[in-house]
Structures are given as structure tokens and as C-alpha cells.
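J.: sequence plus predicted model, see below.
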Amino acid sequence: MAPRSNFQLARIFGIRIGVGVSWFVVLFLFIFIVTPVFHTELGGSRTTAYLVAVASVLSFFASLVLHELGHALVARRSGLQVAGIDLWALGGFTRIGEVQSPATELRVAAAGPLVTLGVIVVCVVAGGLASNSRHFFDAALGNEGVRATPAFVWLSWVATINVLVLAFNLVPAFPLDGGRIAHAVVWWRTGDRNRATRATGRAGQGFALLLGALGLWRLTAGDQSLGLTSLLLAYFLYQAATAAVAQGVLAARIQSITVADIMDREPVTIPAAATLLDAHEQFFVRYRWPWFAVVDPARHFLGVVRASRVDDEISAGRPALAVAEVLDEDVHVRIGEAEPLESLLGSDGLGRLGAMVAVDQDGVLRGVVTLAKVRRALRVAT
């Protein structure tokens, strides 16, 4: 569901926040839709309504970032690698490493909804302090007869839309957070992770079909906005849920295959002490690969170096700089050689660089497993 290529919006606590083009489209669409509603409630100039709409929509997307940061920070505290957060048209997605226990998955999955609940409470309390009106949520719904201040409308709208997001997101169906919480519970009760994946995936398919039926019903009733939104959500949810079911079935077939079974045990690596000029002439020019693993004299894996970074440094007049000084720290490509093949399927390094570096318990590089080898193993399994 998350876009593979996007723009970096910010970096918070060292975590990259990326947004796709669809995010900007929805941002402006939201502002366009809610501005007339706010103008009806606030009266006065349309400029005021527009500014409140901009503040409200940006605040909503900020609350989505906080939601995903909840997942990311708990994942990091649990020892998982966090590759970043992606915002897209209909929500967000936190890219984290492979979860190894149902307890960890439960903590990570529940963190986001708890943050959203906190945002709602803060908005409601602040709205109560800003006004003594009893129509807090009515202000967001644009009910007739409701008049409020810009701050009250802003807080009401942010709280209301987060309530809707929270209720929707807690449905126990994959890929929603409720589905991930249910996945952790089923995994814990049965001890079978793949069974939990298949169960929550099928629940996600069923929920998507119900949502699609709702969309068709609202379209026939003349409610095009809700109808189209429901159909779009149903499409993406069904796609993700179907992928989860397929992953659960496939994982059961490949659970005995490890990274060590399919990796290249004699990969080409660059010594950390090599200069950039040597790396360029002896490795990048010779092999024409976009990146290499870098190791110390004892073959401990230190990181990866990209051809683009080497070329930039040489062009800047620093050809004698050691390769160890220009390692890429934003890509997670390390994986244990004893890890199951399943753990590779959603890895950040495999998707972005086309390979993962396999290490032993001491961090010594033992091999490299490429996307081509993973695909070959999957074809055999299927």
C-alpha cells in the first residue's frame, strides 16, 4: 500500500517522513471540500474559512504523522529497525523490520491508535477550554444553526476526523491496525504466525467487500463522495489483504528455507581502508554495480557504499578519502544468515537495493542474497 518512491517531507527523531504525489492531491482536495463548510459555520470572509481549512487539514496530516511515529518509536524501542514512514493518499505506513514475537507486534500495532486517542482527548479538552459550547462535534459536521470561533471549528474538525480514523482503523482486519492487533493475538494463541496472517488477511478481504458494497449503495443513493471514497478504500484494502493471504500460504511452504540456503557465499566486498579512487577504479568501473558491501580486516560488515556517493566525492576533490567515511547509513541491508527466507520478503534493503547482506552472530559478513535468488527460491516453492 505504501508508495515505493516519494519525497522526503521531514526527518523526526532520525526517522524519514516521506510523501507520495497522491498525498499532495488529497491535501488540496480536502482543503477544497471543507472550506465551504467552514464558511457556512464561521460566516464572515471566505479567507478566514480558507485559513481554518488549511490549518485543520494540515493538523490532521500532522496527527497521522504522530500516529505513525507511535508505531515507529515503539518498534525502535523494541529493537526493530525502522526504515521510515510513508504518507500516501489514504493514510500512512511505517516500514519496520521483521517482528519476532506476538508481544512485540501487539505493542507496535497498539501504539498508533493510542497516539490517535491522545490527539482526540487533547482536542476535546482544548475545545472545552476555548468555548463553553455543547456542540463540539456538531461544529465539524457543519450542522445548521451552529456558530463557532475559528479555533473551536479547527479543534472540532481535527478531533472528529481522528475519531472516524480511529474507529475505522481498529476494525480487526488486515492491513488495519486492528487487524495487526488481531494478528498478534491469534499468533499468541495458536503459536502459528502464518495461520494468523491467513486469518486476518481473509478478514481483511471480507471487510473490503462489505466496504465496497457500502460504496455501491451510497452511489445508487446519490452520495457520490462517500460512495467513491468507500470503493477506493475497499480496492486498496482488498489488494493488501489478498497479498497477506498469499504471503501466509507461501510462508508456510518456505518456512524451512533460511538466508544461508540461498545466499552467495563469496560476494565481492570493498575494504574499509580503500580510498575512493581505488574503489572507483577497482570495483565500480570493473563490475558496474551501483553499490558494494564494505568490511573491515576481520570481515565485519560496516555498511554499503554507493557509486553515486563515490563519484560525488571524487568530483569534489576528495579521491583519497577512505571508503569507510562515506558509508550509506539510511539503508538497512543487514540480516542474520540463520533468518528464515520469509523475513526477506518485506525487507527495506531488498526492495531499495536489490540485495541483503547476510552476517553471523558476530557481525561477520557471510554472504549476499539478491532479489534474483529470492525470486528463484519462491518460484521453486510455488
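T.: Okay, I see it.

J.: quick one, strands of this structure?
T.: Ranges of strands in the chain, per DSSP state E, are 7-12, 15-19, 82-88, 91-96, 269-271, 291-295, 301-306, 334-336, 355-359, 365-370.

J.: how far off strand 82-88 does the fourth one point, in degrees?
T.: By that I understand strand 91-96. Per axes from the mean of the first three to the mean of the last three Cα atoms, to 10 degrees, the angle that strand 91-96 makes with strand 82-88 is 170 degrees.

J.: follow-up on the earlier one: I'd like the strands of the chain as JSON lines, with distance to residue 149, mean pLDDT and mean neighbour count appended.
T.: For glycine as for every other residue, the C-beta is placed from the backbone atoms N, C-alpha and C. Output for the strands of the chain, formatted as JSON lines (distance: least, Cβ to Cβ, whole Å; pLDDT from 0 to 100; neighbours: other Cβ atoms under 10 Å):
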{"stretch": "strand 7-12", "distance to residue 149": "30", "mean pLDDT": "84", "mean neighbour count": "13"}
{"stretch": "strand 15-19", "distance to residue 149": "31", "mean pLDDT": "87", "mean neighbour count": "20"}
{"stretch": "strand 82-88", "distance to residue 149": "30", "mean pLDDT": "84", "mean neighbour count": "23"}
{"stretch": "strand 91-96", "distance to residue 149": "30", "mean pLDDT": "83", "mean neighbour count": "22"}
{"stretch": "strand 269-271", "distance to residue 149": "62", "mean pLDDT": "94", "mean neighbour count": "19"}
{"stretch": "strand 291-295", "distance to residue 149": "55", "mean pLDDT": "92", "mean neighbour count": "23"}
{"stretch": "strand 301-306", "distance to residue 149": "52", "mean pLDDT": "92", "mean neighbour count": "21"}
{"stretch": "strand 334-336", "distance to residue 149": "53", "mean pLDDT": "87", "mean neighbour count": "19"}
{"stretch": "strand 355-359", "distance to residue 149": "54", "mean pLDDT": "90", "mean neighbour count": "25"}
{"stretch": "strand 365-370", "distance to residue 149": "59", "mean pLDDT": "91", "mean neighbour count": "21"}
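
J.: which one, of these, ends up nearest to residue 223?
T.: Proximity to residue 223 (Cβ to Cβ) singles out strand 91-96 among the strands of the chain, at 21.7 Å.

J.: what helices or strands is that closest one leaning on?
T.: Helices and strands touching strand 91-96, as assessed by 3 or more Cβ pairs under 8 Å, 6 or more residues apart in numbering; DSSP states H and E, comprise helix 46-77, strand 82-88.

J.: now with 10 Å, please.
T.: The contact analysis (3 or more Cβ pairs under 10 Å, 6 or more residues apart in numbering; DSSP states H and E) places strand 91-96 against strand 15-19, helix 21-42, helix 46-77, strand 82-88, helix 102-130, helix 150-169, helix 224-254, helix 348-353.
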